[in-house]
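S.K.: need coordinates for the below:
(4 chains)
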2 protein chains.
Amino acid sequence: MDRKTEILDSAEKLARRHGYDGFSYADLERVVGIRKASIHHHFPSKAELAEALVRRYTDRMRAELSRISVSHSSAARRLRDYLAVYQKALKGGEALCLCVVFSAGSQSLSDPVVELLKQYHDDSIDWLSGLFAQAAADQTIANVGEPKREAIACLALVEGAQLLSRASRSEIPFEEATQQMMARIID
Amino acid sequence: MDRKTEILDSAEKLARRHGYDGFSYADLERVVGIRKASIHHHFPSKAELAEALVRRYTDRMRAELSRISVSHSSAARRLRDYLAVYQKALKGGEALCLCVVFSAGSQSLSDPVVELLKQYHDDSIDWLSGLFAQAAADQTIANVGEPKREAIACLALVEGAQLLSRASRSEIPFEEATQQMMARIID
DNA sequence: AGCTGTCTACCTACTACTTGGTAGATGAAA
DNA sequence: TTTCATCTACCAAGTAGTAGGTAGACAGCT
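M.R.: The predicted model follows:
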């Protein structure tokens, strides 16, 4: 694995536990094992590091969403997989979705990063809108309302559920919150 | 207004915009107008300040919840008021609920504060559980599931909706996410 | 083969500034 | 006279970021 990837991996891990303001180049120096200045060589500023981080994260999420689209055809199964992705990322309340933690502390982020964050949310909402539109057709989810509104509500539920799990350092609240969504699955 | 309250007000404003790691005693010095050392006189450590902040916030929320319970008798109207409280606090995506921002960055918080955060969530869940139990009886909300699960899902929805609004600096996502909840109101 | 320039990854050592927090003095009010 | 809120002046540690240098790899050229 090359250095840049290694730095991004470590930074992502730190960011998802401590937030953007909660990790420093000095922290990275410790976990990556090369000097702070060398990390600046790869990512000249913290803003650029954050940008690379969110860009990579968004790309990975997009890939994950199309993987789900390809591997399941019913809306219900896609939704189940979607929720599972977030639950797995949660690590029992230790870590949060990178975009959740960056959204919460977004005042200290640079404009391009804020823009990428919006992009992430828009991607998710578009994909989920498609899912709920399909659900209205294939009837595998109960009481489907207007797809885009369903999508936004679903994303909000998932992000909020992470926060609850984080606050109590346990994945139980996430599970309980999403059970409410899962209960609507018919198939 | 006394100094302590003035400091808490300013700190709360800063914290809800920038997070716990995102404001300093120096920032407070600027907005309160007295020296950093004098603020330390009132709140010796940042941990104690955070504790006072969350304690006051939780108390206010508790008062708000009982105000709602007293002023409305139907579950639907109580829910409407509950959502309105959060929407008002949002200030168009500028600020977040103090406990949302503290939950997201909770790694840097002291144990007592983490405990208070849990208390805040438990309070909300208890109150909402009561609301949904009542809804099952008075039939003013559609498709009510198990009350506690509904409560957790509702809290997650509201907290996540704030995050979405924050990311896009607009209250529209909050409105759209909660419309999904409001659509279930019958009365 | 030997030489030369460029590039990359890394280093030590630093800067300018911010962080939370403290010591000790002053003045006013009780 | 004691208590309190405030001040100035400081501290050690941490912040992002820079300056300038070193060692090795990989050209292209003679």
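
S.K.: contacts only, for the residue most central in space within chain A.
M.R.: Central residue of chain A (Cα atoms, centre = their mean): A:C97, 3.8 Å from the mean position. Contact analysis of A:C97 by Cβ atoms under 8 Å, 6 or more residues apart in numbering or on different chains lists A:16, A:86, A:89, A:159, A:162. Backbone N, C-alpha and C define where each C-beta goes, glycine included.

S.K.: got these as CSV, with pLDDT and secondary structure columns?
M.R.: CSV is the format used below for these (pLDDT from 0 to 100; DSSP: H, G, I helix; E, B strand; the rest coil):
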residue, pLDDT, secondary structure
A:R16, 95, helix
A:Y86, 96, helix
A:A89, 92, helix
A:E159, 97, helix
A:Q162, 96, helix
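
S.K.: and those residues, which two are the farthest apart?
M.R.: Farthest apart among these by Cβ to Cβ are A:R16 and A:E159. That separation is 13.4 Å.

S.K.: any idea of the mean pLDDT in stretch A:32-50?
M.R.: The average pLDDT within stretch A:32-50 is 95.

S.K.: hmm, that stretch touching DNA strand C?
M.R.: Yes - among the residues of stretch A:32-50, A:34-38, A:41-42 lie within reach of DNA strand C under Cβ under 7 Å from any atom of the strand.

S.K.: could you report the neighbour count for the residue nearest to A:Y82 when sequence neighbours are not counted?
M.R.: Nearest residue to A:Y82, sequence neighbours excluded (Cβ to Cβ, 6 or more residues apart in numbering or on different chains): A:I68, at 6.2 Å. Using other Cβ atoms under 10 Å in any protein chain shown, A:I68 is surrounded by 19 other residues.

S.K.: and for A:F43?
M.R.: If we define neighbours as other Cβ under 10 Å, then A:F43 has 20 of them.

S.K.: likewise for the one 4 residues further on?
M.R.: Taking other Cβ under 10 Å as the neighbour definition, A:A47 ends up with a count of 16.

S.K.: tell me the contacts of it?
M.R.: Here A:A47 is in contact with A:109-110, A:112-113 (criterion: Cβ under 8 Å, 6+ apart).

S.K.: nearest to DNA strand C, out of those: which one, please.
M.R.: Within the contacts of A:A47, proximity to DNA strand C (Cβ to the nearest atom of the strand) peaks at A:L109, which comes in at 16.0 Å.

S.K.: make sure the closest one is actually in contact with A:V101.
M.R.: No - between A:L109 and A:V101 there is no contact under Cβ atoms under 8 Å: 10.8 Å.

S.K.: so which of the residues of stretch A:32-50 next to DNA strand C sit within strands?
M.R.: Among the residues of stretch A:32-50 next to DNA strand C, DSSP state E puts none in strands.

S.K.: just the buried residues of those.
M.R.: A:H42 (16 or more other Cβ atoms under 10 Å in any protein chain shown).

S.K.: what would the residues of stretch A:32-50 next to DNA strand C look like in a markdown table with distance to B:Q180?
M.R.: As requested, the residues of stretch A:32-50 next to DNA strand C are exported to a markdown table (distance: Cβ to Cβ, whole Å):
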| residue | distance to B:Q180 |
| --- | --- |
| A:I34 | 48 |
| A:R35 | 50 |
| A:K36 | 47 |
| A:A37 | 50 |
| A:S38 | 49 |
| A:H41 | 48 |
| A:H42 | 43 |
